[in-house]
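Chemist: Structure, please.
(4 chains)
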Number of protein chains: 2
Amino acid sequence: MLNEDSISLSHDCGDCPIRHRAVCARCETDELELLEDIKYYRSFEAGQTVIWSGDKMDFVGSVVSGIATLTQTMEDGRTQMVGLLLPSDFVGRPGRDGAAYDVVATTDLVMCCFRKKPFEQMMVRTPHIAQRLLEMTLDELDAAREWMLVLGRKTAREKIASFLTIIARRDATLNLRPAKGALVFDLPLTREAIADYLGLTLETVSRQISALKRDGVIHLEGKRHVTVPDFSRLMEEAGDDSDGGVLA
Amino acid sequence: MLNEDSISLSHDCGDCPIRHRAVCARCETDELELLEDIKYYRSFEAGQTVIWSGDKMDFVGSVVSGIATLTQTMEDGRTQMVGLLLPSDFVGRPGRDGAAYDVVATTDLVMCCFRKKPFEQMMVRTPHIAQRLLEMTLDELDAAREWMLVLGRKTAREKIASFLTIIARRDATLNLRPAKGALVFDLPLTREAIADYLGLTLETVSRQISALKRDGVIHLEGKRHVTVPDFSRLMEEAGDDSDGGVLA
DNA sequence: TAACGTAATTGACCCAGATCAAGCGCGAAC
DNA sequence: GTTCGCGCTTGATCTGGGTCAATTACGTTA
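Modeler: As a prediction, this is how the structure comes out:
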């Protein structure tokens, strides 16, 4: 995901650790200035809600640092996480007025935002941005549908393994680590949040993580720090097509 | 969904029962002619596969009549339906080469297709098409995430009720039926396909449908023909926010 | 250093939904 | 008509994961 021209929608800016190539690579100087003009940063503390489902959402943006989640909730409190936002991920629905899900910061969070109206105006003037957004949205759709398979058909153990695979991949690409040798990363979520992601209870999450540890699929240091000695083994546990242990 | 300018991407054409307004409303005559030029129809028989996941997909298009499903399959045969294509629904991934899922016709099916290359070229020249596609894709993403809640957190009975509300809604909008009084429609899928949609077994689907019938939430005539005497009751069973029994 | 609070683990038990298995209904082919 | 076959229903039993509850591990504050 973190490659030459796929990251986000503003240009490359000094104070922002994310390189925004999609626009930068092709657009005119005045567009850059417009972007600069409508851009601003927002910080959130861990646990803070960025926006509630249904609220008016007058910005789009991307995560600079920290982690946020997209969740849906039923009246009786059952919740399902429908997305996980890591640094470089885009949030927002150009052409839509309201937020469709609760967005919550699970760690301290910094976002790079653009006011929606001018952003949309710029979209009209700069067609390749709409195309870039379309591609990003198609990717999200693929990810969501991939997750439907996880939620609908996988066992608890497979769900946990699938989750770990995804986090490992994201971590590797995000930190530009070589995709070989043992993978090491930190779990970005509590057991409860993982449960909400996977449609499980936190007890089951805990038990299955313990089981994977017992069976040598992963090592744990503390509660969060994970080592995966053999990634293809983990993919096997996840029930994924084992065509390649390739991290990409 | 079936409203003034949301259906598909060609213009309104006499031989095609679907009205394609998105382009029609705004674009130039020669665009219409180009569309006419690259447009063609494909027919499939019930059970036929339109395209396999991973295959090269050199067209985009929309369903004219019949029903198709998008499914994902694991090596051991477990399958999860990730989308249901009814008349007027769009299929295709502009800017993507391969199909991401198996697309299967579950009834006799007619699709109105456009060759992908020229379609993409037209997208570049006609920016509002990319924006229209972006909006459609955002809708699909919303639907997929809504479905994640169903798959991850709802009980079997709630899943069946959720499925019925979706079909009822689609049927009502598609056939422009007034959204009041008793709703009547046909189930477009076998019990097994419903099970694949809901992440259940066909036996559980059958049992829960029987239970809803027994409890007077629905009436059944034969295996497929459903009557819903009280739609808000059904929505309640689905665990949906009951803000409005409004069909829209 | 103790005392507290939050996250995580682990155990015992239970139940919703899966699995296995036996019919049933009904249209199509002969 | 009879037979076949497929889609569906219903029953009996099993089990993965939920529920309830007790305990542990670790920061954090005092």
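Chemist: When you work out contacts or count neighbours from here on, use the C-alpha atoms and nothing else.
Modeler: OK.
Chemist: And A:Asp215, how far from A:Ile209?
Modeler: 10 Å (Cα to Cα, to the nearest Å).
Chemist: for A:Arg42, that is, sorry about that
Modeler: Distance from A:Arg42 to A:Ile209, counting by Cα to Cα: 35 Å.
Chemist: which of these two has more neighbours?
Modeler: Shown here are A:Arg42 and A:Ile209; by other Cα atoms under 10 Å in any protein chain shown, A:Ile209 has more neighbours (22 against 13).
Chemist: ranges for the helices of chain A?
Modeler: A:21-24, A:29-38, A:116-125, A:127-153, A:156-174, A:191-198, A:202-214, A:231-238 (DSSP state H).
Chemist: and those helices, which one is worst for confidence?
Modeler: Lowest mean pLDDT within these: helix A:21-24, at a mean of 38.
Chemist: contacting residues for A:Leu183?
Modeler: By Cα atoms under 8 Å, 6 or more residues apart in numbering or on different chains, A:Leu183 lies in contact with A:Ala168, A:Ala172, A:Thr227, A:Val228, A:Pro229, A:Phe231.
Chemist: again, but for A:Lys154
Modeler: A:Gly239.
Chemist: distance of A:Arg224 from DNA strand C?
Modeler: Going from A:Arg224 to DNA strand C by Cα to the nearest atom of the strand, to the nearest Å gives 7 Å.
Chemist: Now A:Gly98. Nearest residue, chain neighbours left out?
Modeler: Spatial nearest neighbour of A:Gly98, excluding adjacent residues (Cα to Cα, 6 or more residues apart in numbering or on different chains): A:Lys56 at 4.5 Å.
Chemist: Isn't the one you found up against A:Ala100?
Modeler: No - using Cα atoms under 8 Å, A:Lys56 is not in contact with A:Ala100, being 9.7 Å away.
Chemist: Just want to know which of the two has more residues nearby.
Modeler: A side-by-side neighbour count of A:Lys56 and A:Ala100, using other Cα under 10 Å, places A:Ala100 first with 22 against 13.
Chemist: interface residues of chain A facing DNA strand D?
Modeler: Of all the residues in chain A, those in contact range of DNA strand D (Cα under 7 Å from any atom of the strand) are A:Lys154, A:Thr155, A:Ala156, A:Arg157, A:Gly199, A:Leu200, A:Thr201, A:Glu203, A:Thr204, A:Gly222.
Chemist: Let's see that with 10 Å instead.
Modeler: Within reach of DNA strand D by Cα under 10 Å from any atom of the strand, chain A has these residues: A:78, A:153-159, A:195-196, A:198-208, A:221-224.
Chemist: about what we covered before: closest to A:Lys116 out of the contacts of A:Leu183?
Modeler: Checking these against A:Lys116 by Cα to Cα gives A:Ala172 as the nearest, at 31.6 Å.
Chemist: follow-up on the earlier one: looking at the contacts of A:Leu183, spot the one nearest chain B.
Modeler: Within the contacts of A:Leu183, the smallest distance to chain B is 18.8 Å, found for A:Phe231 (Cα to the nearest Cα).
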